[in-house]
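Student: Curious how this folds, go ahead:
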Amino acid sequence: MGNKKRIALITTWFPPQQSVATNRMLAFVEYLSTDFELEVFCLDTKNHQVNWSENVTVHYSTSSTLFEKLKDLQSDGPLLHKIKVGTRILLSKVIKNPLIKWQKASVDKLIKRHKDANFDLIISSFSPQEAHLVALEFCKQFSTIPWIADMRDEMSANPYIDQTTKDNLKQIELEVNKFASAILSVSKPIVDDFKVLCPNVQHFEEIRNGFNHEFRRDVSQLAQNKVFTLGYFGTFYGTRKPTILFEALKELKLENVDFDFKVEIIGAHQNYTVPSEIAEKVQLYPALSYVEAIKKMAEMDLNVQLHPRSKQKGIFTGKLFDYISVQKPVLALVDSEDVAAQLIQEFSCGYVAEFSELEENKTMLKRAFDDWKSGIIPHASDEQVESLHRKKQVEKLKSLIDSILVSNL
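Tutor: Numbering: from 1, shown residues only. Now for the predicted structure:
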C-alpha cells in the first residue's frame, strides 16, 4: 500500500447518494484501487471518515439538508413529485450555491491530507460545479499535481441552462483549461466539444458509464416468455414519457389480432398515462436492486430505451449498457442519429426508431414481435458486451493516469 501512487477523488456522488453518477464513481474507486491508493472527498448528512477498503479512505462532509429532503422517491404520487420538482427549481433560484459549506470543508480536508501524505494526482467529477471548484482551489496552491476533470456531461454547452448559469460555467471552463491535465466525458461528441472549449488541455478520453456486474445469460438457450414481454427499467420525466410507445402498442393491438404483449415497468414514478385499450397489458413494479434488475432484464423479450431527440448529442442514457449486457434485444426509441442508436446498430443488438415518430415505433415493434415469434434474438457478441464493462472503461482511465504520472516525473 505504501508504494502505491495516491489519488484524490472529489465528488458529491458517492454512497449513500444514489444515481448513475454514483455508479460511475464507484467503478472508478473499485477498479483504480487495485493499482492506486485512493481518498474520496464526498457528501453526506454528517462529517465522518470511513475506511472503505484496504486502499480506499472516504472523507464525508456535510452541506444543507434541505435539498436532500426534496429528493424524488418512487413512493411519491404525481402531485408530490411535481411539488418537489417545483420547490427544487424555486430554491435553486434563491440559494445559488447550496454546496458552499461542503466545498469549503472538502478543500480544507483535501489540503490537510495532501500535507500529511502527498497526492500524486487528483480527479474531480462534474456536476455539480463545486467538485471542480474544490479541485481548482487545490491546483492553485499545488500547481505541480496533475488534475483530471471528469465532466460526465456538458457544462456551458448544456442547451437547457439559463444564461447566468452558462456564463458562470464558461468561467469555470476557462480555469479548467488553465489547470487541468486531462478531461473525461461519457461519449465522443461531448469529448469533442471540450476539445474546442479547452484547447490547452493535453489529454481527452471517452470513459463510458458501462455496466458493472458479472451476470451472464446462456445465449445457447432460447429464453422466451409465453407472451411477448417488454421491459422498461428506470424513470420517466419531462418529455421522456412512453406516450408514443403506448399509442403504437395500442394501434398494433387494434390492427393485428395476433399481436399480444405485456409491458413491465420497473422502478418508475406513476407520472404517465396508459390508453384504456391496453391498460391491462401494462404493469408497474417497485424498483429492484441493481443485480435483481439485471436478472429481470434478462427475462424480458425486449428491453425498451426511451429518449427524445434534443439539442444535445452524445446521450447513451442510463440503462442502455445494462440492456446490452444481458444479450436480449433492445428497442431504442431515441434520436436515431445519436450515439445510442449508433451503438445498437453497430452491435446488431436490437431495433431503432425515432422517439417521436409513431409509424417508426410501430414498424420496429412489429419487427421485434415477428422476430420473437420466429425465435430470433438479436444480441451483442460476448466480446462486444465485455468492451462495455466498467472495468474495461476504467482500464482506459488507468492508462491515461499512468501516462500523465510518467510525464509529470
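Student: Rounded mean pLDDT for stretch 182-198, please.
Tutor: Taken as a whole, stretch 182-198 carries a mean pLDDT of 97.
Student: Mind listing what's buried along it?
Tutor: Of the residues in stretch 182-198, those buried by neighbour count under the rule 16 or more other C-beta atoms under 10 Å are 182-187, 189-191, 193-194, 197-198. In this view, the C-beta of every residue, glycine as well, is placed from N, C-alpha and C.
Student: mean confidence for stretch 345-361?
Tutor: Averaged across stretch 345-361, the pLDDT comes to 97.
Student: now it, how far from the chain's geometric center?
Tutor: Remark: stretch 345-361 is offset 21 Å from the chain centroid, using C-alpha atoms, centre = their mean, to the nearest Å.
Student: Touching that stretch from outside, list them.
Tutor: The set of residues external to stretch 345-361 that reach it, using C-beta atoms under 8 Å, 6 or more residues apart in numbering, is 244-245, 247-248, 251, 302, 306-309, 324, 327, 329-336, 341, 344, 363-365, 367-368, 378-381, 384.
Student: Could you tell me the end-to-end distance of that stretch?
Tutor: This stretch, stretch 345-361, spans 16 Å end to end (C-alpha to C-alpha, to the nearest Å).
Student: One more: stretch 250-264?
Tutor: With C-alpha to C-alpha applied, stretch 250-264 spans 15 Å between its terminal residues.
Student: Quick one: mean pLDDT for that stretch?
Tutor: 93.
Student: try stretch 54-64
Tutor: Confidence over stretch 54-64, taken as the mean pLDDT, stands at 92.
Student: Buried ones in it, by neighbour count?
Tutor: By 16+ other C-beta under 10 Å, the buried positions in stretch 54-64 come out as Asn55, Val56, Val58, His59, Tyr60, Ser61, Ser63.
Student: before we move on, what about stretch 272-290?
Tutor: Neighbour-count burial for stretch 272-290, counted by 16+ other C-beta under 10 Å, picks out Tyr272, Val274, Ile278, Lys281, Val282, Leu284, Ala287.
Student: Spell out which two among these are the most distant pair, please.
Tutor: Comparing all pairs in the buried residues of stretch 272-290 by C-beta to C-beta, the longest separation belongs to Ile278 and Ala287, at 23.1 Å.
Student: Could you look up the SS state of the residue of the chain most remote from its centre?
Tutor: With C-alpha atoms, centre = their mean as the measure, the chain has its most outlying C-alpha, relative to the mean C-alpha position, at Val257: 39.3 Å. Of the three states, Val257 takes coil according to DSSP: H, G, I helix; E, B strand; the rest coil.
Student: can you pull out the strands in the stretch 251-400 of the chain?
Tutor: Remark: strands of the stretch 251-400 of the chain, listed N- to C-terminal, are 261-266, 282-285, 302-306, 330-334, 350-354; assignment by DSSP state E, counting those that start in this stretch.
Student: who wins for proximity to Ala105 among those strands?
Tutor: The closest approach between Ala105 and any of the strands of the stretch 251-400 of the chain, judged by C-beta to C-beta, belongs to strand 261-266 at 37.2 Å.
Student: For that closest one, name the packing helices and strands.
Tutor: If you count contacts as 3 or more C-beta pairs under 8 Å, 6 or more residues apart in numbering; DSSP states H and E, strand 261-266 packs onto strand 228-233, helix 243-255, strand 282-285, helix 290-299.
Student: Show me the one of the ones you listed that comes nearest Lys166.
Tutor: When those are ranked by proximity to Lys166, the top entry is helix 243-255, at 30.3 Å, counting by C-beta to C-beta.
Student: circling back: among the contacts of stretch 345-361, which ones are buried?
Tutor: With neighbours counted using 16+ other C-beta under 10 Å, the contacts of stretch 345-361 contain these buried positions: 244-245, 247-248, 251, 302, 306-307, 309, 324, 327, 329-336, 341, 344, 364-365, 367-368, 378-380, 384.
Student: Report how many residues lie close to the closest residue to Ala353 other than its chain neighbours.
Tutor: Here the nearest residue to Ala353 in space, its sequence neighbours aside, is Glu360; by C-beta to C-beta, 6 or more residues apart in numbering that works out to 3.8 Å. Glu360: 18 surrounding residues under other C-beta atoms under 10 Å.
Student: Please apply the same query to Leu32.
Tutor: Based on other C-beta under 10 Å, the number of other residues close to Leu32 is 21.
Student: Let me see the confidence value for it.
Tutor: At Leu32 the predicted local confidence, pLDDT, stands at 98.
Student: where's the residue farthest from the centre of the chain relative to Ser310, distance?
Tutor: Taking C-beta to C-beta, to the nearest Å as the measure, Val257 and Ser310 are separated by 37 Å.
Student: what does Asn3 give?
Tutor: The span separating Asn3 from Ser310 equals 47 Å under the rule C-beta to C-beta.
Student: ok, Glu251 touching Lys366?
Tutor: No: counting by C-beta atoms under 8 Å, Glu251 stays clear of Lys366, with 10.3 Å between them.
Student: beta partners of the residue nearest to Thr363 when sequence neighbours are not counted?
Tutor: Counting by C-beta to C-beta, 6+ apart, Thr363 lies nearest to Ala353, which is 6.9 Å off, once chain neighbours are set aside. Bridge pairing for Ala353 (DSSP bridges) gives the partners Leu333.
Student: what about Ala353, how many neighbours?
Tutor: Other residues within reach of Ala353 by the criterion other C-beta under 10 Å amount to 24.
Student: And for His114?
Tutor: His114 is flanked by 18 other residues according to other C-beta under 10 Å.
Student: Tell me the pLDDT of it.
Tutor: As summarised for this prediction, His114 has a pLDDT of 98.
Student: Check which helices and strands the helix or strand hosting it sits against.
Tutor: Assigned by DSSP states H and E, His114 falls within helix 100-116. Contacts of helix 100-116 with other secondary structure elements, assessed using 3+ C-beta pairs under 8 Å, 6+ apart, are made with strand 6-10, strand 37-43, strand 56-61, helix 129-141.
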